[in-house]
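**Q** sequence first, predicted model second:
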Amino acid sequence: MSAQRLRVAVLGATGSIGSNTLDVLARHPDRFELTAVSAFSRANELADVCLAHQPRWAVLPEPEAAQALQQRLRDQGCRTEVLAGAQALAQVAAATEVDAVMAAIVGAAGLPPCLAAARAGKRLMLANKEALVVGGAFFMRAVEEGGALLLPVDSEHSALFQCLPLDASTWSDTIDHIVLTASGGPFRTRDPQTLASVTPDEACAHPNWVMGRKISVDSATMMNKGLEVIEARWLFHLQPDQIRVLIHPQSIVHSMVVCRDQSVLAQLGTPDMRVPIAYALSYPERVVSGASRLDLLNTPSLSFEAPDGRRFPALQLAWAALRGPEGSTAVLNAANEVAVEAFLARRLSFTGIAQTVERVLNDVPPSAADVASVDDLLALDARARAAARRTVGG
Ligand code: NDP
Ligand code: MG
């Protein structure tokens, strides 16, 4: 074992980003070591990961499930230590034996381990955009105070990061605006009159990317792009009016920077999350990601269109939250998580998702006291969830 290997914790190892990360790690056993993994409901898949990679730690939410996994691993000669609970997630994220954390948990549940990794000064590879949307200024302060290296994994933000140096002070005066590209999801051309009756499986059938169900629904409503607008605001220290969105159905141009002199910087590639994952793992170097080569000669023409605000009202709500009082983005995220869950459980219509978020944004206006500390923010998150549950009747 080389002392130089980067010791990586993959939080959310059983998910789409998690398994893509394991794929990239496995291509470079000389550079990376898998030190910790976590899962939520898929204990069997986590067991397979532990048996294949023998990480030092594995984390599950419940003690009973953790004990059962521990026994199973021991019986098969695997020395992984199984821990339980949210506290254990934060503990491995901050452990001295961990150099880098892949934040690939879905939803605001990922915020506490992200903050722990930030405070401990880790290389923090952020897929879990909801954590930044909820944590906002607190998140960024924890990164700064902890001396963490915050690297985007979201493909659009990785694209921007690949066009811009890490130190914003070197380019902030040179930028006019950025353009986040969006595929437009599965309903880009569908008759808006029929959207109320679409099923969860239709909403999750993304044309270009294979992703977890929550982000797939977010892509269908374009709330995903709204969350990314908020994410970009924090990652790149931009004003809301410096962030624009264009639909680009081919998902080849992953985002663009428009400079003051009208020079446009863009990053292109096949739609494969292993590219931004590999870049976050190897930055400032580059390693083989496993993605196929972009063949421009056999690529359909690249096209761009403006998002239709009537078809995608969720996108507009994200802008409204970004311009509203601090804490509004946490309310938006909480309401969206509850509404998407209700839609996936067939308790809410697809169009009901944006309606629920709009109503909760109106009903739960944050005050300065709601954003005084992280605990206050989490209490605001809980209040917005309760309001959303009342709205969807669940
Ligand atoms: P998945 O649903 O595929 O995976 C989510 C992971 O988080 C799983 O390992 C899951 O465990 C775990 N998890 C779920 N709920 C909790 C919880 N309450 N506490 C702890 N762990 C939990 O999602 P994705 O991989 O698609 O997305 C992960 C994050 O990355 C999201 O924030 C998403 O927005 C972002 N992202 C994803 C992209 C993609 O291409 N998939 C692209 C850009 C960003 P289990 O499976 O065991 O239940
Ligand atoms: Mg994205």
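**A** Sure thing, it's come through. Numbers count the residues shown, from 1 in each chain. Ligands and ions are numbered 1, 2, ... in the order given.
**Q** what's the next secondary structure element after the helix or strand where E228 lies?
**A** In this assignment (DSSP states H and E), E228 forms part of helix 223-235. With elements assigned by DSSP H and E, the helix or strand that comes after helix 223-235 is strand 243-247.
**Q** what packs against that next one?
**A** Using 3 or more CB pairs under 8 Å, 6 or more residues apart in numbering; DSSP states H and E, the elements in contact with strand 243-247 are strand 175-182, helix 223-235. In this view, the C-beta of every residue, glycine as well, is placed from N, C-alpha and C.
**Q** tell me the most buried of the ones you listed?
**A** Among the helices and strands packed on strand 243-247, helix 223-235 has the highest mean neighbour count (mean count of other CB atoms under 10 Å), at a mean of 25.
**Q** contacts only, for the residue of the stretch 201-350 of the chain found nearest ligand 2.
**A** Of all residues in the stretch 201-350 of the chain, E228 sits closest to ligand 2, at 5.5 Å by CB to the ion. Contacts for E228 (CB atoms under 8 Å, 6 or more residues apart in numbering) come out as 129, 154, 156-157, 180.
**Q** pull out the buried members of the residues you listed.
**A** Neighbour counting by 16 or more other CB atoms under 10 Å classes 129, 154, 156-157, 180 among the contacts of E228 as buried.
**Q** out of those, which are close to ligand 1?
**A** 129, 154 (CB under 6 Å from any ligand atom).
**Q** closest one of the buried ones among the contacts of E228 to R310?
**A** The nearest member of the buried ones among the contacts of E228 to R310, counting by CB to CB, is L180 at 19.9 Å.
**Q** tabulate the helices and strands packed on strand 243-247 in CSV, adding columns for mean pLDDT.
**A** Below are the helices and strands packed on strand 243-247 laid out as CSV (pLDDT from 0 to 100):
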stretch, mean pLDDT
strand 175-182, 97
helix 223-235, 97
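**Q** any chance of a markdown table for these, columns distance to L73?
**A** Formatted as a markdown table, the helices and strands packed on strand 243-247 follow (distance: least, CB to CB, whole Å):
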| stretch | distance to L73 |
| --- | --- |
| strand 175-182 | 42 |
| helix 223-235 | 35 |
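**Q** nearest to D75, out of these?
**A** helix 223-235 (41.3 Å).
**Q** straight-line length of stretch 27-42, end to end?
**A** Taking CA to CA, to the nearest Å, stretch 27-42 runs 24 Å from one end to the other.
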